[in-house]
Each structure stands twice: as structure tokens, then as C-alpha cells.
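> coords please:
(chains A and B)
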Number of protein chains: 2
Amino acid sequence: MKATVVTIGDEILIGQIVDTNTVSIARHLNSAGITVAEKISVADDADAICDTVRRALSASDLVIITGGLGPTKDDITKYTLAEMFGSRLIYNETEAEHIRTLLARRGIEFGQLNRSQAMVPECCTVLHNAHGTAPGMWFDCGDDRSKVVVSLPGVPFEMEHLMQDEVMPRIKSRFELHSIVHRTMITRGIAESVLAATIASWEDALPAGVKLAYLPSPNIVRLRLSAYDVDGRQMSAVIDNEFSKLYNIIPDNIVGFEDATVERLVHELLTQRGATLAVAESCTGGAIASKFTAMAGASAYFMCGVVSYSNESKRDVLGVDMNAIERDGAVSEIVARQMAEGARRVSGADYAVSTTGIAGPTGGSRNKPVGTVWFGIATPHGSYAVMRNSGTDRGQIIARASAYAIELLLKELTK
Amino acid sequence: MKATVVTIGDEILIGQIVDTNTVSIARHLNSAGITVAEKISVADDADAICDTVRRALSASDLVIITGGLGPTKDDITKYTLAEMFGSRLIYNETEAEHIRTLLARRGIEFGQLNRSQAMVPECCTVLHNAHGTAPGMWFDCGDDRSKVVVSLPGVPFEMEHLMQDEVMPRIKSRFELHSIVHRTMITRGIAESVLAATIASWEDALPAGVKLAYLPSPNIVRLRLSAYDVDGRQMSAVIDNEFSKLYNIIPDNIVGFEDATVERLVHELLTQRGATLAVAESCTGGAIASKFTAMAGASAYFMCGVVSYSNESKRDVLGVDMNAIERDGAVSEIVARQMAEGARRVSGADYAVSTTGIAGPTGGSRNKPVGTVWFGIATPHGSYAVMRNSGTDRGQIIARASAYAIELLLKELTK
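Below you'll find the predicted structure:
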């Protein structure tokens, strides 16, 4: 069972947006045992759309299209598909009513352009878009109607809900699916080529049908084992067994599996223990708080975050000693520690972490160059601070320092 | 002049990574007047790579490939291209020496896998990768050698430097290029369908050859005018003129051009005036603070942010009246106002904005469904709060509520 994912929109081809939709679609399809053979992006152009969808249909059983369903003139996907499938557009009362309700909530009148959003090709099954105004569409096609084309809006969360609630259940009941097994182990602190040499004999001895891939990023290499068109249950056991062997080769370099992020581990540990967290951020500017609060359920443990950018707020909100700031500077061991202690005291949380550093591009000095970051940790057992240089670019420094602060929390929780 | 961008790697097709490389490549090519006709992602599979590169070459003058050049066994792009072009691999001393130097800096020995990275197809021009160990490759091909295939590593910053320093100069000296002009005007505070109706007569009167696109995101619609294969200088003037007309139709909704954001406007206004800002966030969880502190220079005006997730932190850090929370709930007009007032008082900032809402998925009720968000504003002239439903999905609610809070700040600053 093969699928092609097609994204439509000039904005992708001129590099105006990053396409995250196909990531989500590919994950849904893979987890149901459908191989994505190809991913194609084309312009908002009727000929290009037709050519691409036809070619995709000849190579795949399933074509999933996103984009080009908005209310404006540059959005032509619906009209192009209707023409391609020789179907006229009809007014769908249910969708019209839904669009009217959504707009009313935002105080917007239902206009001519919204009316056009409720028009759908007669030959399609309408996929109800609970979170937006552009309905999705499901077309049965091919000579024996054995193939499927699905058209979804390009707005990421609308597309995501439609995939989950409307598309995947229909695909699962419509096609007979085989299994694909992908499992990923996340390693850290070992360069790709060194890792490959270290695990070479393990890699050479992998069972037939199991494929290894290396995905490097700074300080992290993800190792993925994949097996296609197999008995999923049996293959999962085989892969688990291989990862166990790998664990024994590099036990100190294993972070976890799949999407296991360090913040998710901290989230789970705090939730399980009924322990609470506070954050005091200077250079990371809210990035640490954002990572925790983005996860549903964070309110069970996340008490308070303070983004104490000014020295006065470090003093007034967190109780940092102004003399310490004047003597050692805001980016210093003592200030980092006092920030964490202050966050813990003020919020009543069990654990607190703090950051204070120079995110740049200005503000660096010979002794404290851009990238210098002090991290404070306060727990029921005491407090301390550590320093780490976190890079040279503002965005990189914020990202790395946030990640390291959360790693320090994990270390405390697993001590 | 047409190009196809090909990304190679199973990780893209199974949805394990977000592809940002083609965004960067598309921007480079567009700015040189080269249209990207198609963007294709395929697996680490020799047949798929060959088929795709051949098809791309028949449709385009230039094919740019990224990925599959690493040192490990799953990286097959180099071997596949060498075979496809009938060329043997030869050892390149210069590249080998460069790889040896890079590894030595990280304390890693030059091994067999690194040696294989210095092997390149005899028929290609080697593109020196100053920042990494996998060299890029330039192949002249087609019957009259008028077409080009370029293969680059998938590591984003290595690819970026190679595009800029090695690929673009060669493309510019090799091909005769026409101009493409893209300009984008950023509008705010007006829904896409309402905007389209408001500017319909302007859109209908656009000169021939100028194409309009709408790109909606929370609170923002980007309007892009594009013209292809033209005299760039003249067309820039035509597009500037059209945007001037548009400005006169919706003067209050213009944020700026290209990458302009509402937070950037607020950042500039505060900096110019020497005014300061504080933020008190509940449901947005640090997202507003992050947006400001991500911008270099934010420390000039950003005093303090408080992520007051717990009721106690609303009381203890921001001075919110616990009776008000008990009577009206944490998500209420009075709590939003008191949060903003508290943030302003505690930080000594001139302006403060607050959010308190239900980000979901749980916590909603009949009177206060998920998505209900109260926003507080406190200024030297007083304080108030407004309510706005911000959606149904946690990520969407955080994004929309952050955008709306910043919008309210802008309104205060431009009153």
C-alpha cells in the first residue's frame, strides 16, 4: 500500500513557509502501515496540480493533498479537482451553517466568499472540518474506484484534526493494511562517525529486513530501525531485542525512544510524584516555561515562571540581592542560584531552575562572551549553579540553554 | 529557467523531520530569478533516486539535491549518482585533508568511514564544504551538457553555506537569468475573507503579469505580489505602486513588508519611546515573553514576564485578589485586569499585558468553554480587560491568544 503526499502553494516553492503538514500526514500514514513513496510540492497552477495528481494516482493507491482551499482567488485546488473528476460544485447546507457559526463567534458576517467555501464537488464525500471553514474532500477514483484522493486545507491544526478524525478511520476501514514498524532510539554525546564505528558489528549483524538509519543533529544522533510489510507484532519484538543489545554497547549515551524529549520526561516525573516546578528565566526569555506549558496537563505541576529580564525584577520579584548583581554582574553564579531559590520560594514549588546569560548579539565582554549562560537549580535539598557556553547565535543560545536547563532538571529528578 | 529541488531521506517520508532545506534553497533560487517548479522528496533508495533525478532533469534545467551524503551505510546518494552518470569514485586528497582537520578539532580520529567521505565521482566538480565533512558535487549533464545536477549535504547550515558560497555564484555565471519579483505586505486584524472582499476591486485591477497570493496565520494575513520573468527594476516599481494603493484602502491594517511582525512593531515603538513592558501570562504560558525576548535589543524595554499558572502565584507574585479568583474564577475580567496591573506594579514597567484562559483540552465548562481567554491591559492611563474566544485546540489557542495580546499592546501604543 503506497501513498503520495502533495502540497499545493506557491509559498512553498518560493520558500516563504516551512511545510510541517507532510510531517504530520506521513506519521499518520506510517503508523497505519502505509508507505509514503513520494512527497511533492507544486504551485497554485491548475495544469501543475492536474499533472501531479494524475502521476501520483498512477504510482500510488492513496493521494493526500493539502492546501489551496482558502476563500480567495489564488485558492484553486477545489475547482481544479472538480474539473479533473468531471463533477459540478453544489452548495452544502450543513457546511454553510457550520461556517456561519464559526464566523459569528469571531463577529464576522457570512459573505459571498464564505458562501463559496460551502460549495463542494458533487462526487466527493465531504470531510467535516470542525475547526475551520474549509471542508475536506474524499474522492473515490481510478478505473475500479479502488484508489482514493483526499484534499485537506493547509492550515496545520485543521489538517491535523481532519487526518485524525475523518481521514484515518476511513482509510483503515477501506484498505487492507500491512504493518510498518519504525522505532527510534535517541543517543547523545557521540559523533555520528564515531557512533557508526562503535556499533558497526551490531549493525552488521542486524536481522534481514531490518533497516538502520542515522539522523544526526547537534549532540544528538537518532538511530531508527525500520521493517516494512511485516507481521508487526513479531517485528516489534525483534527490534526491541536489537535495541536492548545496543543499550548494552552504549548505555551512557541513550536518551530514550521516539519523540521522548527531555521536557516530556520531566513532565511525567513531576506529574507522577505530585511535585511542582517554577522557572526563573533571563536569557531564555520564557522559552523554558513555553516548553512545559505547551504540554496538556502542565497545570498540575507548573506553578509559576518569571522572565526577569531587568535587574529590578530579579530583585523585586525573585528577591535577588542587588549587591550581588552589582558585584558579580547579572550573569553570575550567585545570581543564577538566587534566581532559582527566589522562584522556588515565591511560588512554593518543589523544584526551580533558572537561566541568566548573554544571548547577544551585543552585551558580551572578554570575560563573559556572548553565549555565556549560568544555570541555577533549587530543590528541597539545596541549590547550586553551573555555567555553560551555549553558542554564538541568539536563537541557538536560547534553544541550547533552554534544553540544558531542562536536562539539569531531569538530572535532579533522577538522582 | 526552471529548477527542481529533490530531498533524499526516509526520515522525510516517515515524518521524522521537518524539511527546512528546501525553504532556504527556494529563497536562493527565487532571488536569482529561477522558478522552482517542483519540490520532491524520495526515500534512500537507488531506483527512486534515479527515477526522480531523471524525471526532474527532463522537466528542469537545474536539479538541486540534498541529503544522503553522510558517512554511514544508509547514505547512498553519492554512489547512486556516480553510477547514474557512469563515473567511478576517486580519492580527493584536498577533501581528505579538510575532513582530517575538522575531526581533529573535535578530538576524533580519521577513520575508514571518513576516508569514504573523501571519495568523489570523477566526473563532478567538487564543491568545498568548509563547515562539514561531506563535500558537495556539481554535475554537468544532458545531451549538450546544458543542464546541471547539484548534490549537497542535508545538514542545514552546511547546505546553506554551500548554496551561498559555491552553488549560487556558479549558477549566476553559468545561466542567463531573468528576474522574479516577490514582495509581501503584512496585514493584521482583518479576517482573510473580509480582507478579500474589501480589496476585491484593487485585486481585479492588478496589472497583467502580477499575481496576488493570500497567506493567513493567526491575526495576520500576508499579501504577496509576484511577477515572473520580467525586468526586475521596473516591476519592483509597479508592485510598490500597487502596495501604495492598497495602503490607502486599509491604512489601519498594515504591519509592514516581508518579515514584519506585530511584535517587531511593538518592539520598535517601545524602543523609540524609551517605554517599558511587562507581561503576565497564564494560558499563553510564556509564549508572549518568548516572542519579545527572541528579538535582539529586547532588554532595553522588556522588564519582566510572569507565567502565573497557579492561583497562588497570581496572588503572591502579581497581587491578584484571591476573593476575586474564588468569586469569578481565574479566567475572568477582574483577574485579567489585576494580573496586568500587578505585572505593571511589580516590574515598574509602563505597559503590561496579561492573559488568562482555558487552553484545554480539559478545564472547559458551559459558561467558559475551552478557548475562552481574557486579556488585561495596564498603562499609565488606566487598565481594562477584554474577552476573546481563541479557538479549540491547545496549540492554536496559545498561538492566537499570544498574537491577540500583542495586537492589544500595539493598539495602546498607537492610540
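> give the contact list for A:P216.
By CB atoms under 8 Å, 6 or more residues apart in numbering or on different chains, the contact list for A:P216 reads A:E192, A:R222, B:G70, B:V155. Where C-beta positions appear, they are placed from N, C-alpha and C, glycine not excepted.
> farthest pair in those?
The span of the contacts of A:P216, defined through CB to CB, is set by A:R222 and B:V155 at 13.9 Å.
> looking at these two, which is more packed in?
B:V155 (23 against 20; other CB atoms under 10 Å in any protein chain shown).
> which residue packs closest to the more buried one, ignoring adjacent ones?
B:G132 (5.8 Å; CB to CB, 6 or more residues apart in numbering or on different chains).
> ok, now A:I14?
B:N30 is the one closest to A:I14 (CB to CB, 6+ apart), at 4.9 Å.
> I'd say the one you found and A:I12 touch.
No - at 11.6 Å, B:N30 does not count as touching A:I12 under the criterion of CB atoms under 8 Å.
> neighbour count: the two, which is higher?
Using other CB under 10 Å, the more surrounded residue of B:N30 and A:I12 is A:I12, with 25 against 21.
> just the pLDDT for the more buried one.
You'll see A:I12 listed with a pLDDT of 90.
> do I have it right that it meets B:K39?
Yes - using CB under 8 Å, A:I12 is in contact with B:K39, at 6.6 Å.
> identify the contacts common to these two.
Common neighbours of A:I12 and B:K39 (CB under 8 Å, 6+ apart) are A:S41, B:T22, B:A26.
> return the alpha-carbon coordinates of the helix or strand hosting the last one using CSV.
Using DSSP states H and E, B:A26 sits in helix B:21-31. In CSV, the C-alpha atoms belonging to helix B:21-31 read as follows (Å, rounded to 0.1, in the frame of the first residue of the first chain):
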residue,chain,number,x,y,z
ASN,B,21,16.5,22.9,3.5
THR,B,22,14.1,23.4,0.5
VAL,B,23,12.9,26.7,2.1
SER,B,24,16.4,28.1,2.0
ILE,B,25,17.2,26.6,-1.5
ALA,B,26,14.0,28.0,-2.9
ARG,B,27,14.8,31.5,-1.5
HIS,B,28,18.2,31.5,-3.1
LEU,B,29,16.9,30.4,-6.4
ASN,B,30,14.0,32.8,-6.5
SER,B,31,16.1,35.7,-5.6
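> list the buried residues for the helix or strand just after it?
Of the helices and strands lying after helix B:21-31 in sequence (DSSP H and E), the nearest is strand B:35-42. Buried residues in strand B:35-42, counted by 16 or more other CB atoms under 10 Å in any protein chain shown: B:T35, B:V36, B:A37, B:E38, B:K39, B:I40, B:S41, B:V42.
> before we move on, what about stretch A:163-172?
A:M163, A:E166, A:V167, A:M168, A:I171.
> need the distance between the two termini of it.
Using CA to CA, to the nearest Å, the end-to-end distance of stretch A:163-172 comes out at 12 Å.
> likewise for stretch A:290-306?
Termini of stretch A:290-306 sit 12 Å apart (CA to CA).
> that stretch vs chain B: in contact?
Yes - counting by CB under 8 Å from any CB of the partner chain, chain B is contacted by stretch A:290-306 at A:S290, A:F292, A:T293, A:A294, A:A296, A:A298, A:S299, A:F302, A:M303, A:C304, A:G305, A:V306.
> can you pull the buried residues of the helix ranked longest in chain A?
Identified as the longest helix of chain A according to DSSP state H is helix A:394-413. By 16+ other CB under 10 Å, the buried positions in helix A:394-413 come out as A:394, A:396-409, A:412-413.
> also stretch A:121-138?
Going by 16+ other CB under 10 Å, stretch A:121-138 has these buried residues: A:121, A:123-124, A:126-127, A:129, A:131-138.
> output those of the buried residues of helix A:394-413 also counted as contacts of chain B.
A:R394, A:I398.
> where strands are concerned, which of the contacts of A:P216 count?
Mapping the contacts of A:P216 onto strands (DSSP state E) picks out A:R222.
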